[in-house]
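Novice: Sharing a model that was predicted from the sequence below.
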Amino acid sequence: MDRISQLPEHLLLKILSFFPTTKDVVATMVLSKRWQFLWMLVPRLVYDDNHQNITKENFSRFVDRSLLLHEAPVLESLQFKFGGKSSDEDIGVWARTVSRRHVRELVIEIDRSSCTTQAILPKSLYTVSGMLVTLKLNNMVLLDDVLSFPSLKKLSLDNIMYQGGDESVNRLLTNCPVLESLDVERCLDDNVTIFTVRVPSLKILFMCNKREKTSDDAERVVIDAHSLETLTFDDFTGCVLETETPNIVTAYIDIIYNHSGKILGSITTVKDLFLCLLSSKHSYPGGFVFHRLVYFTLCRCDKQWLNLLMGVLRGSPKLRGLKLDQYHGSQADQPSPCWSEPSLVPECLLSSLETLEWTSYEGTKEEKEVVEFILRNGRCLKKVTISSKPTDSDKKLEMIKELALSFRRSPICQLVFN
């Protein structure tokens, strides 16, 4: 400990910043005189009552006292992680205490299972909004008030109920003029029908919909973000997705949706695409050109996956990497997909495709024919990796022999079995 105590103050503060909670940081004051007041300057405060074997009163007293004694002029991070020992009134009081401390990151996480009522985001928190760069809220009610976050670049909204419905979302995001990253995990009762993301500066969007499945076309997500580069959209409710994202580079789409053409037509500028479309009514419409697509991963859990695969291959002249995954697993009652060899070979097989990775390969007639088609036509193939499902050794050996004897157009193509 003596050697550590001799380190420069800025290094000691850095070390203390990695401690799990502020209670752990404060405990170091007994080590020596050098450490007695050092905790007061640590720029990261984490208050977590879920792991403290103390009463509500003692925990609140500790937070009150440590915030009053703390002297760091800038708080890089202020985090509240609460179970049942704190209320939104407590958070409001503590927010007023640090209102002049230039808080850069604010995190409020509440364990709903330990609370009888939902916590309401206190208005006093708005007093620290001016300097915030990162804001993360979990399990709270957002009041229908005018908020302003002029410096906010990262926003996370997890299980938030919006008192003013659709307009609350619109007003919140409109008042984040420099927002670059938005993470939304919607809950069952968020009071929003049309969730609109209209943020010109937004570059990264993650949206997960936990709501119950609905057939109501009124339920929709509208994304209007011309600077958006990375989109993750995970939804099994069947809601309508409308996007205006002309500069998107990476997209992860995992949804149940009956109009796949509407989605694919809005992300044709992607370079890296993961696609899982559970669509029981409509097949892939085709006609879209992914003129920049380089890497494509397709989940094979839907019965239309072969149709979808060939449609994307036809429209992706620059594709270099293809991965066929089974992210969700196949449905037990799902019929085998039908394979019909196309009369025209997709351009990417003739001029650009270099790698194929196939996971959970079962060696069915259709799967074998698809692999052979790609091997037979892939002029630029360098490596084909097949990972089979656990099976008996004789069947696995048979699958390996069948593919190993298949004709390969590319003389440098390696066939690897896992």
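Specialist: In hand now; what should we look at? Predicted model only: the values in this text are computed from it and were never measured.
Novice: Can I get stretch 249-258 in CSV? Just the C-alpha atoms.
Specialist: Taking Å, rounded to 0.1, in the frame of the first residue of the first chain, the C-alpha atoms of stretch 249-258 are listed here in CSV:
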residue,chain,number,x,y,z
VAL,A,249,-23.8,1.3,-43.1
THR,A,250,-24.6,-1.5,-40.7
ALA,A,251,-28.0,-3.0,-40.0
TYR,A,252,-29.2,-5.8,-37.6
ILE,A,253,-32.8,-6.6,-38.4
ASP,A,254,-34.6,-9.3,-36.3
ILE,A,255,-38.3,-9.0,-36.6
ILE,A,256,-41.7,-10.6,-37.4
TYR,A,257,-43.1,-8.7,-40.3
ASN,A,258,-45.4,-9.4,-43.2
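Novice: Give the buried residues for it.
Specialist: Buried residues in stretch 249-258, counted by 16 or more other C-beta atoms under 10 Å: 249-257. Quick note: C-beta positions are derived from backbone N, CA and C, even for glycine.
Novice: what do you get for stretch 32-50?
Specialist: Buried, per 16+ other C-beta under 10 Å, within stretch 32-50: 34-35, 38-39, 42-49.
Novice: Can I get those in JSON lines including pLDDT, distance to S393 and secondary structure?
Specialist: JSON lines is the format used below for these (pLDDT from 0 to 100; distance: C-beta to C-beta, whole Å; DSSP: H, G, I helix; E, B strand; the rest coil):
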{"residue": "R34", "pLDDT": "83", "distance to S393": "65", "secondary structure": "helix"}
{"residue": "W35", "pLDDT": "87", "distance to S393": "62", "secondary structure": "helix"}
{"residue": "L38", "pLDDT": "92", "distance to S393": "62", "secondary structure": "helix"}
{"residue": "W39", "pLDDT": "91", "distance to S393": "61", "secondary structure": "helix"}
{"residue": "V42", "pLDDT": "94", "distance to S393": "58", "secondary structure": "coil"}
{"residue": "P43", "pLDDT": "94", "distance to S393": "58", "secondary structure": "coil"}
{"residue": "R44", "pLDDT": "94", "distance to S393": "54", "secondary structure": "strand"}
{"residue": "L45", "pLDDT": "94", "distance to S393": "58", "secondary structure": "strand"}
{"residue": "V46", "pLDDT": "93", "distance to S393": "52", "secondary structure": "strand"}
{"residue": "Y47", "pLDDT": "91", "distance to S393": "56", "secondary structure": "strand"}
{"residue": "D48", "pLDDT": "88", "distance to S393": "51", "secondary structure": "strand"}
{"residue": "D49", "pLDDT": "83", "distance to S393": "55", "secondary structure": "coil"}
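Novice: now P200: how far from H328?
Specialist: 35 Å (C-beta to C-beta, to the nearest Å).
Novice: Next: R220.
Specialist: 24 Å.
Novice: and of the buried residues of stretch 249-258, the nearest to M310?
Specialist: I253 (18.0 Å; C-beta to C-beta).
Novice: Run through the bridge partners of the closest one.
Specialist: Counting by DSSP bridges, I253 is bridged to F233, L275.
Novice: from memory it sits against L277, does it?
Specialist: Yes: with contact defined as C-beta atoms under 8 Å, I253 counts as touching L277 (7.2 Å).
Novice: Need the overlap of contacts for the two.
Specialist: Both I253 and L277 are contacted by I263, under the criterion C-beta atoms under 8 Å, 6 or more residues apart in numbering.
Novice: helix/strand/coil for the residue nearest in space to the middle of the chain?
Specialist: Centroid-nearest residue in the chain, with C-alpha atoms, centre = their mean: F206, separated by 4.4 Å. Here F206 is recorded as strand under DSSP: H, G, I helix; E, B strand; the rest coil.
Novice: All set, thanks.
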